[in-house]
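Student: predicted structure and sequence below. I'll ask about it afterward.
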Number of protein chains: 4
Amino acid sequence: MIAIKDRVRFVETDLMGVVHHSNYLRWFEMARVEYLRRANVMLPELIAAGILFPITDVQCKYIQSAYFDEIVRVEAELVDFSRAKLCFAYRVLRDADDVLLAEGKTQNVFTGTNGKISRLPQLYCDRIQALRQAKDGGLA
Amino acid sequence: MIAIKDRVRFVETDLMGVVHHSNYLRWFEMARVEYLRRANVMLPELIAAGILFPITDVQCKYIQSAYFDEIVRVEAELVDFSRAKLCFAYRVLRDADDVLLAEGKTQNVFTGTNGKISRLPQLYCDRIQALRQAKDGGLA
Amino acid sequence: MIAIKDRVRFVETDLMGVVHHSNYLRWFEMARVEYLRRANVMLPELIAAGILFPITDVQCKYIQSAYFDEIVRVEAELVDFSRAKLCFAYRVLRDADDVLLAEGKTQNVFTGTNGKISRLPQLYCDRIQALRQAKDGGLA
Amino acid sequence: MIAIKDRVRFVETDLMGVVHHSNYLRWFEMARVEYLRRANVMLPELIAAGILFPITDVQCKYIQSAYFDEIVRVEAELVDFSRAKLCFAYRVLRDADDVLLAEGKTQNVFTGTNGKISRLPQLYCDRIQALRQAKDGGLA
């Protein structure tokens, strides 16, 4: 499990005065990117190699609202992993008091630039496997 | 069921060359707002009356990518409805050839401005019920 | 001059209850894309030909706020044009009563995929010139 | 002058492979909010007091593109200040090598919740004045 922190931006709020629900998917993405970075899987490198990683499933359960200027902590854990797909689980917490704001999951597959399903090259799988086996992956 | 159409914006794409997955939640919202408008449930009127409608659950399954400048059609149907919550199901299609791009669901509850769960006033329930009973609600 | 119309999205608002100022740049873009479409200059075709069109300057003056669910009308006019750059001027109006909400300008240049400044091929210049010479370009 | 740092999000890119120009306005905002926080002017406190601070002018000149996953540094300086308005100047730099990516300015006024122009209460002016007089305001 890894965690990132981010301060809620003004633009992320909506006229109900809270963070718009679509922004949690963007926070999930930031945590997922950070997880992969720690495994030394750099997304620009994948793209340069013609490997895309489209999201195929997203779920999010919203528990409490996040507000402007709060610091949120987004935890990401790789819960399923093969050469065909990555499944991550996420928790969003208000950093000040650890209150759980949202939980979610994403699944992504791998494709070529033609959109056809492909497999993640072994090189990258090994890197992800190495991070998973290292206990907890370290906290942000 | 109602449907709206929208043209994919340049800003909605990402460096994989397709629409970023978070934007589908914004399309769902546009269709949901349109559904409620046809029921004569205007969200600014709810907010002015101190009634908020936070999303509590979102799911989206992505089937094919949407691309810049394509016209997408977003269908919304109210699949569960009570004074405590609204559940909508959505389909996003490429309008040119009716290819299904994504399917999703949302649930929202009602709260006061204090964040406490409340009930949708009967007035608005009646309006939604009337639209549901009218066959299909008409297409965009 | 061309014009597009769009309904303000919920997600485009912020906790001050109005449209966030950054979204006007996205509306400008929608109008600019539409202008070019009418000239038969399709941006995906440019990109496929290795021609990029980064924005180099933006200005916006905000006069009145736009609110959720209002229809805005965005007018775009090509005010300066060469093989090296395009300069557009924009006006955003509340469609219901023609009140002016904002005015702005953008300039973009052309580059290759390597980021180096290039010239727009004559083919596309001719198309833009043809639209400019046609009186007003037609209204949306 | 204050500075914040932020890592470019995947969602902030577009199909040209670079950060979409509208996102720089959001970075400006993050830096402006941070400047005001250091002056102990908290925006939620202003809003609660019925004071809004709409942006009335924005300019941005884009010099080089920002790319996914880079760290950008956004510097903000208060260049004009009265009870009626705040004018900030910004610079966006690639943090790794201090290359200047963009420069910009914003102006905001103060209004009541009715949209009418108002004056910033002396309390907050004093706080901003105190930060301005403190040399440089400290770096992030």
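Tutor: On my side now, so go ahead.
Student: what residues does chain A have near chain D?
Tutor: Proximity of chain A to chain D (CB under 8 Å from any CB of the partner chain) is limited to residues A:7, A:9-11, A:26, A:29-30, A:33, A:37, A:42-44, A:67-69. The C-beta positions use only the backbone N, C-alpha and C, and glycine is treated the same way.
Student: not counting residues beside it along the chain, what's closest to residue A:64?
Tutor: residue A:101 (5.0 Å; CB to CB, 6 or more residues apart in numbering or on different chains).
Student: and the one you found, helix, strand or coil?
Tutor: Of the three states, residue A:101 takes strand according to DSSP: H, G, I helix; E, B strand; the rest coil.
Student: which pLDDT value goes with it?
Tutor: We have a pLDDT of 98 for residue A:101.
Student: and what of the one 3 residues further on?
Tutor: If you check residue A:104, the pLDDT there is 98.
Student: is it correct that it falls within a helix?
Tutor: No - read with three-state DSSP, residue A:104 is strand and lies in no helix.
Student: look up which residues are beta-bridged to it.
Tutor: With DSSP bridges applied, residue A:104 shows beta-bridge pairing to residue A:60, residue A:90.
Student: then residue A:3?
Tutor: residue A:75.
Student: burial measure for it, as a count.
Tutor: Neighbour count for residue A:3, taken as other CB atoms under 10 Å in any protein chain shown: 19.
Student: go on, residue A:66?
Tutor: When neighbours are defined as other CB under 10 Å, residue A:66 has 24 of them.
Student: who's in contact with it?
Tutor: Contacts for residue A:66 (CB atoms under 8 Å, 6 or more residues apart in numbering or on different chains) come out as A:8, A:18, A:19, A:72, A:92, A:94, A:101, A:102.
Student: coming back round to it: what about the residues of chain A next to chain D, which are in strands?
Tutor: residue A:7 (DSSP state E).
Student: could you point out which of the residues of chain A next to chain D is nearest to residue C:55?
Tutor: residue A:11 (18.5 Å; CB to CB).
Student: surely that closest one and residue C:15 touch.
Tutor: No - using CB atoms under 8 Å, residue A:11 is not in contact with residue C:15, being 9.8 Å away.
Student: mind checking pLDDT for the residue nearest the centre of chain A?
Tutor: With distances taken as CA atoms, centre = their mean, residue A:32 lies nearest the centre of chain A, 2.6 Å away. pLDDT recorded at residue A:32 is 98.
Student: one more: residue A:135?
Tutor: Predicted confidence (pLDDT) for residue A:135: 58.
Student: again with the one 4 residues further on
Tutor: As predicted, residue A:139 sits at a pLDDT of 44.
Student: quick one: the lengthiest helix in chain A to helix B:23-38, angle?
Tutor: Counting by DSSP state H, the longest helix found in chain A is helix A:23-38. Orientation of helix A:23-38 against helix B:23-38 (axes from the mean of the first three to the mean of the last three CA atoms, to 10 degrees) gives an angle of 170 degrees.
Student: what are the contacting residues of helix A:23-38?
Tutor: Helix A:23-38 has contacts (CB under 8 Å, 6+ apart) with A:2-4, A:6, A:12, A:42-43, A:58, A:60, A:62, A:72, A:74-76, A:78, A:88, A:90, A:92, A:102, A:104, A:106, A:128, A:131, A:137-138, A:140, B:21-22, B:25, D:7, D:9-11, D:69.
Student: do that again at 6 Å, thanks
Tutor: Residues outside helix A:23-38 that contact it (CB atoms under 6 Å, 6 or more residues apart in numbering or on different chains) are A:2, A:4, A:12, A:60, A:74, A:76, A:88, A:90, A:102, A:104, A:106, A:131, A:137, B:22, D:10-11.
Student: can you tell me which of these is closest to chain C?
Tutor: Proximity to chain C was ranked across the contacts of helix A:23-38 by CB to the nearest CB; first place goes to residue A:12, at 8.4 Å.
Student: hang on, the closest one packs against residue A:18?
Tutor: No - with contact defined as CB atoms under 6 Å, residue A:12 and residue A:18 do not form a contacting pair (9.3 Å).
Student: more neighbours, those two?
Tutor: Counted by other CB under 10 Å, residue A:12 and residue A:18 do not tie: residue A:12 has more neighbours, with 25 against 20.
Student: so for stretch A:116-130, mean pLDDT?
Tutor: 95.
Student: now the end-to-end length of that stretch.
Tutor: End-to-end span of stretch A:116-130 (CA to CA, to the nearest Å): 27 Å.
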